[in-house]
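*Asks:* Curious how this folds, go ahead:
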Amino acid sequence: MKLIRNKTLCLCVLALVFNLSLVCGQTNYRDEEEIKKATEEFKAFKYVPAINRLTKIIAVDTSNLTAKEMLAYSYKMTNNYSEALKWYEQLSEQRNVKPEWALNYAEQLAIDQQYERSENWYRKYLDLIPTDQRAKNFARTKRSIFEKDSGFWKIGYTNLNTLGSEYSPVYYNRGLIFSSNRQPGKYIKHIFEWDNTPFTNLFIVNNLTSIKSINPDSVIEHSAEMLNKKSKINDDDTAPTSNDTRTLGQSVAGTPYLDPASFISTATFTKLLSGNVNSKYHNSSAAVFPDGSIMFTRNNYIKGQTQKSTDGIIKLKLYTADGHNLKHITEFPYNSNEYSAGHPALNKEGNILIFASDMPGGYGGTDLYFSVRSGKGPWTRPVNLGKKINTEGNELFPYLDNLGNLYFASTGHAGLGGLDIFEVPLKEMKPTSMPRNMGAPINSSTDDFGLIIGDDGKGGYFSSNRKGTDDIFAFNRSTNLILLKGIVFDATTKIPLRNSRIVMRHLNGADTLRTDSSGKYQSVLPKDLEYELTAEKIGYVKKLSFVSSVGIDRDSTLNHDIFLQRTETAQQYVFDHCDSLKKVFKVKNIYYDLDRSEIRANARPALDELAHLLNGHPEITIITSSHTDSRATEKYNRLLSLRRGESAKAYLVSKGISPSRIAIEYYGKTRLVNRCYEGVPCSEDNQQLNRRTEFDIIVNGVNLTRLNCENDQ
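*Replies:* Next up, the predicted model:
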């Protein structure tokens, strides 16, 4: 359910609401009072009653765009994806399509896995809003790359789930705390009219060993049994009235969206979290301090009192529960009645907090912020995590692992649809690379969020509504854990070099790492992937090296120390004369026939020029970098690119060049120069561009070819 993901963070649709209020008076619908009531319900986030009323309005007045716009958005916000897609498709057929229609239609198409059409509509949205980086990301990203490592994780539907919503787990002692709108009793007292479901509370599982992977059908069968038993909304068997729900909603007797039995749970290994954490409003998404106290998310309600924003909305706030049995509740000092703050995440020391908020000054709907403190002192004013992480969309549900990696959910970074889960390493609270989509099967075309991972990095839990409601899934590595680690040293003094930068280039792009205060770095490698590592630090010569996870079939640690040479006088000469040297030592690529490694006749002039250059400048050496197109397997293409490099070297040796001056590197299909990925239709001319050998010129130990004359001086 969207409620703690989007609703209670109040991703308010005020711009849409205000536009609607301006056109409501223009409708020809015979009962102006009905459209007025529907608009009021919509503005109050009462989407289920609004849907019921709007459906009747449109049945009479099929041309009412105001009603269609509200209906499409209401279905979107209640996760009725098929109906949302249907109505946004109708809106997209209008002559003048609003930007928000195009964006929402693109999102719904992605959820329906119509990715090509989704990309087209992201492009149309980009035409309407050219500055939207989110649309650029989605329009240019092939979703197939998120399926590539689908065998990396094994997931399982857990016995924590009911037909209600379970989500946002967090480790607590030897078990878990999680959020759910299940009802441990036999009645449901309060209903939230956003989607006519019970309010959420925090529950606890005392031991992880109680959590098992099960068949999802068993949950449905159990709920079917509950339907045959007596269930009720009130605890006094009286008819529901508005007094029964002293909250944001009203009585919902008879609504087809609510089946009370669906939310009743008889699980014996879960129980309500004790203390004063749970209230009659929403209580969810917690984080745990080292001393066992917790920070959690709740509607703006404390000491029996609620407060609203100036526009009449009960926002979300962060609270801390500590003391005996978690009975002492205090507010986060940077809460506000005017914006929401929720979804806390803490580092293992409990002195760094990351949370989601729609406070003013962000990049999009909800952004991620961080705050720090010393010991148990006061929290500092929150700081936005920046535009590498935050987008025009929504960033939610952060989690920090013990290695300093941040996991979070986002609608703004390119993904498979809905919320996707991303991972990014942090260094001094700054991302050291762009966030990486965790791919299938953790991500799906629907909402995936709230991931936590164990200390060993081999598994954990996450939330997803791929089965229709929010559920908690377990995940474990189905392949081996391959850890790359090492230290960057000064080659002469052997002193570790802190804050060195390491760029790891691979088939799917590039990742960036930073060494810590001890010069150390580490990264988990996917299976069967080759990396080119470039280590760099100001005052030192860049160092190129290679690592590979190809063929590793067990848990492994790859130790890879790097030694950087200080920039000496001869090397500084290269930096100082970069532009002129590049002109002198300019060389051409050579190309190959499909599936061949022989030197073609039209490649010989380029190799002859290179041999002449090498003979005239005995101080330089070269690196041959050979490549293939995307056809055939990775293993086959790696060997083919090796043969191509050997052929180029053999030709140069035949021209009198010493073999010691020629190093061979081979990449297979991992370094394509265009978008001719495997399975993508491409012309033969474009495929030809990938079947190549490139030559790097090394002058005084400096790779002149890779040198950026402006930035590397």
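*Asks:* in the stretch 201-350 of the chain, which spans are strands?
*Replies:* 201-205, 270-272, 283-288, 294-299, 301-302, 305-306, 316-322, 328-331, 341-346 (DSSP state E, counting those that start in this stretch).
*Asks:* Look at residue 664 and say how many residues are nearby.
*Replies:* When neighbours are defined as other Cβ atoms under 10 Å, residue 664 has 18 of them. Just so you know, the C-beta spots here come from the backbone N, C-alpha and C atoms, and that holds for glycine as well.
*Asks:* re the thing from before, columns distance to residue 141 and mean pLDDT on top of the strands of the stretch 201-350 of the chain, output as CSV?
*Replies:* What follows is the strands of the stretch 201-350 of the chain, written out as CSV (distance: least, Cβ to Cβ, whole Å; pLDDT from 0 to 100):
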stretch, distance to residue 141, mean pLDDT
strand 201-205, 36, 95
strand 270-272, 39, 92
strand 283-288, 29, 95
strand 294-299, 31, 94
strand 301-302, 41, 78
strand 305-306, 42, 81
strand 316-322, 31, 94
strand 328-331, 40, 94
strand 341-346, 25, 97
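*Asks:* So which of the ones you listed is nearest residue 115?
*Replies:* With Cβ to Cβ as the criterion, residue 115 lies closest to strand 341-346 of these, at 28.2 Å.
*Asks:* Could you export the strands of the stretch 201-350 of the chain as CSV, including mean neighbour count and distance to residue 358?
*Replies:* As requested, the strands of the stretch 201-350 of the chain are exported to CSV (neighbours: other Cβ atoms under 10 Å; distance: least, Cβ to Cβ, whole Å):
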stretch, mean neighbour count, distance to residue 358
strand 201-205, 22, 22
strand 270-272, 17, 29
strand 283-288, 26, 15
strand 294-299, 26, 13
strand 301-302, 18, 18
strand 305-306, 11, 19
strand 316-322, 23, 9
strand 328-331, 15, 18
strand 341-346, 27, 9
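*Asks:* how about those in TSV, adding distance to residue 523?
*Replies:* TSV is the format used below for those (distance: least, Cβ to Cβ, whole Å):
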stretch	distance to residue 523
strand 201-205	32
strand 270-272	36
strand 283-288	25
strand 294-299	30
strand 301-302	43
strand 305-306	47
strand 316-322	32
strand 328-331	39
strand 341-346	21
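*Asks:* Extract the residue ranges of the stretch 501-650 of the chain that are flagged as low pLDDT.
*Replies:* Along the stretch 501-650 of the chain, the model assigns pLDDT under 70 to residues 508.
*Asks:* What segments of it are strands?
*Replies:* 501-506, 509-514, 520-525, 530-536, 543-548, 556-559, 562-564, 590-591, 620-626.
*Asks:* separation between the residue nearest the centre of the chain and residue 137?
*Replies:* The structure's the chain has its C-alpha centroid closest to residue 422; by Cα atoms, centre = their mean the separation is 2.6 Å. Residue 422 sits 12 Å away from residue 137, going by Cβ to Cβ, to the nearest Å.
*Asks:* what do you get for residue 656?
*Replies:* In terms of Cβ to Cβ, residue 656 sits 51 Å off from residue 137.
*Asks:* of the two, who's got more company?
*Replies:* residue 137 (18 against 9).
*Asks:* Show me what the helix ranked longest in the chain packs onto, helices and strands only.
*Replies:* When the chain is parsed with DSSP state H, its longest helix is helix 634-654. Applying 3 or more Cβ pairs under 8 Å, 6 or more residues apart in numbering; DSSP states H and E, we find helix 634-654 packed against helix 604-616, strand 620-626, strand 662-666, strand 692-699.
*Asks:* So which residues of this protein form helices?
*Replies:* Under the criterion DSSP H, the chain contains helices at 14-23, 32-43, 47-60, 65-77, 81-92, 99-111, 115-128, 133-140, 216-227, 569-576, 578-584, 604-616, 634-654, 684-690.
*Asks:* my guess is residue 365 meets residue 359, correct?
*Replies:* No. Applying Cβ atoms under 8 Å, one finds residue 365 not in contact with residue 359, separated by 11.4 Å.
*Asks:* if you count what's nearby, which of these two comes out ahead?
*Replies:* More crowded of residue 365 and residue 359, by other Cβ under 10 Å: residue 365, with 21 against 18.
*Asks:* Which residues does the closest residue to the more buried one other than its chain neighbours form beta bridges with?
*Replies:* If you skip the residues right next to it in sequence, residue 365 has residue 394 as its closest partner in space, 4.2 Å away by Cβ to Cβ, 6 or more residues apart in numbering. Beta-bridge pairing for residue 394 (DSSP bridges): residue 366.
*Asks:* Give me the distance between residue 394 and residue 410.
*Replies:* 7 Å.
*Asks:* Likewise for residue 558?
*Replies:* The value you get for residue 558 to residue 410, if Cβ to Cβ is used, is 30 Å.
*Asks:* Looking at those two, which is more packed in?
*Replies:* A count of neighbours by other Cβ under 10 Å puts residue 410 above the other of residue 558 and residue 410, at 26 against 17.
*Asks:* my guess is the more buried one meets residue 395, correct?
*Replies:* Yes. If you go by Cβ under 8 Å, residue 410 and residue 395 touch, sitting 4.9 Å apart.
*Asks:* can you list the weak-confidence ranges in this structure?
*Replies:* 1-31, 149-150, 184-196, 218-267, 508, 711-713.
*Asks:* Compute the distance from the centre of stretch 124-139 to the centre of its chain.
*Replies:* Relative to its chain's centre, stretch 124-139 lies at 18 Å (Cα atoms, centre = their mean, to the nearest Å).
*Asks:* in it, what counts as buried?
*Replies:* 124-126, 132-135, 137-139 (16 or more other Cβ atoms under 10 Å).
*Asks:* Just list whatever residues bridge to the residue nearest to the centre of the chain.
*Replies:* Beta-bridge partners, per DSSP bridges, of residue 422: residue 408, residue 437.
*Asks:* Contact partners for it?
*Replies:* 407-410, 413, 415, 435-438 (Cβ atoms under 8 Å, 6 or more residues apart in numbering).
*Asks:* So which of those is the closest to residue 304?
*Replies:* Distance to residue 304, by Cβ to Cβ, is smallest for residue 409 among these, at 32.7 Å.
*Asks:* who touches the closest residue to residue 628 other than its chain neighbours in this structure?
*Replies:* Computed as Cβ to Cβ, 6+ apart, the closest residue to residue 628 that is not its neighbour in sequence is residue 637, at 4.2 Å. By Cβ under 8 Å, 6+ apart, the residues touching residue 637 are 628, 668-669.
*Asks:* Please apply the same query to residue 159.
*Replies:* 211-214, 267.
*Asks:* Nearest to residue 514, out of those residues: which one, please.
*Replies:* residue 211 (35.7 Å).
*Asks:* Would you check that residue 415 makes contact with residue 436?
*Replies:* No. If you go by Cβ under 8 Å, residue 415 and residue 436 don't touch, sitting 11.0 Å apart.
*Asks:* residues contacting residue 157?
*Replies:* Contacts of residue 157 by Cβ under 8 Å, 6+ apart are 213-216, 467, 471, 473.
*Asks:* Appreciated, that's everything.
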